[in-house]
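Asker: Take this sequence and fold it.
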Amino acid sequence: MEQFVEDSRLSDWKVIGSGGFRQIYKARHHQWGIDVTIKLLLQGEGTENSLLREIKMMRQATSPHVMAVRGIFKGPTPFSGRSIQLGLVMELMERGSLASLQAALREPPPWPLVFRLAHQVALGMNYLHSLPLPMVHQDLKPQNVLLDDALNAKLTDFGLARICCSVTQFPKNDEPLGGTINYMPPEAFEASYMPYRSFDIYRYKSIQPALE
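Answerer: Take a look at the predicted model:
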């Protein structure tokens with residue numbers, strides 16, 4: 001059971017990212033004595049179900065190379081008045097994402113760092129693919145590879161993740177499909193598309209330029 005995090009335990013809220021149906025904040029958790037990341041889902045039909053589904057997926061993936069859920073936030077924020085918000089509470093990744101690292105660098109990163117990041121992303125993806133019920137991330141891209149203060153990589157954003165298809169395992173009609181167009185395999189645009197592990201591998205190869 002996930003721990004609920006009350007708004008009274010958080011302070012110093014700061015927006016650190018946004019996009020799609022989410023807003024990302026940094027806040028101080030007084031009881032834990034650390035800064036945390038809070039991913040809030042924008043209000044709308046299916047928001048709560050979408051969040052609970054993402055939590056369910058993340059709970060299955062306990063790896064050093066995959067982001068873990070620290071708790072569930074439910075309450076008002078300093079920016080929402082009395083409106084109740086719902087979100088995920090996760091560890092703060094101090095160095096942003098692989099995409100922000102690439103944007104900040106004026107020259108290619110040193111080869112040892114490139115190799116380590118590529119290896120850690122591969123380890124995270126292989127872990128998901130090797131679960132008893134293999135999981136496909138479906139949205140692997142530089143923005144969804146986060147970096148801690150030591151520049152170690154972890155996969156995040158499991159909103160589209162799902163159990164992959166096999167001869168005996170088929171997708172449910174209510175499970176989302178898709179991903180970011182630039183990183184999707186050609187097969188994903190076909191009407192008969194079903195997620196397989198090989199499609200994550202395609203996405204992994206597509207993010208290689210961000211590591212070079």
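Asker: so how far is Arg53 from Asp7?
Answerer: 23 Å (C-beta to C-beta, to the nearest Å). C-beta here means a position set from N, CA and C on the backbone, and glycine is covered the same way.
Asker: Sketch out the low-pLDDT regions of the chain for me.
Answerer: Applying pLDDT under 70 to the chain picks out residues 1-2, 19-21, 42-47, 165-193, 209-212.
Asker: which residues of it fall in helices?
Answerer: Here the chain has its helices, by DSSP state H, at 47-59, 98-104, 111-129, 197-206.
Asker: Tell me which of those helices sits most buried.
Answerer: helix 197-206 (a mean of 18; mean count of other C-beta atoms under 10 Å).
Asker: Only C-alpha atoms, please: export that helix in PDB.
Answerer: Backbone C-alpha positions of helix 197-206 (Å, rounded to 0.1, in the frame of the first residue of the first chain) are rendered in PDB as follows:
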ATOM      1  CA  ARG A 197       9.800  -5.900 -26.200                       C
ATOM      2  CA  SER A 198      11.500  -5.400 -29.600                       C
ATOM      3  CA  PHE A 199       9.700  -2.000 -29.900                       C
ATOM      4  CA  ASP A 200      11.300  -0.700 -26.700                       C
ATOM      5  CA  ILE A 201      14.600  -1.800 -28.200                       C
ATOM      6  CA  TYR A 202      13.800   0.300 -31.300                       C
ATOM      7  CA  ARG A 203      13.200   3.300 -29.000                       C
ATOM      8  CA  TYR A 204      16.400   2.600 -27.100                       C
ATOM      9  CA  LYS A 205      18.400   2.800 -30.400                       C
ATOM     10  CA  SER A 206      16.500   6.000 -31.300                       C
END
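Asker: name the helices or strands packed onto that helix?
Answerer: helix 111-129, strand 135-136 (3 or more C-beta pairs under 8 Å, 6 or more residues apart in numbering; DSSP states H and E).
Asker: got the angle between that helix and helix 111-129?
Answerer: Going by axes from the mean of the first three to the mean of the last three C-alpha atoms, to 10 degrees, helix 197-206 is angled at 160 degrees with respect to helix 111-129.
Asker: For the helices and strands packed on helix 197-206, give me TSV that also has distance to Thr37.
Answerer: Formatted as TSV, those follow (distance: least, C-beta to C-beta, whole Å):
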stretch	distance to Thr37
helix 111-129	17
strand 135-136	22
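Asker: Which among the ones you listed is found nearest to Gly33?
Answerer: Nearest of the helices and strands packed on helix 197-206 to Gly33, taken as C-beta to C-beta: helix 111-129 at 27.1 Å.
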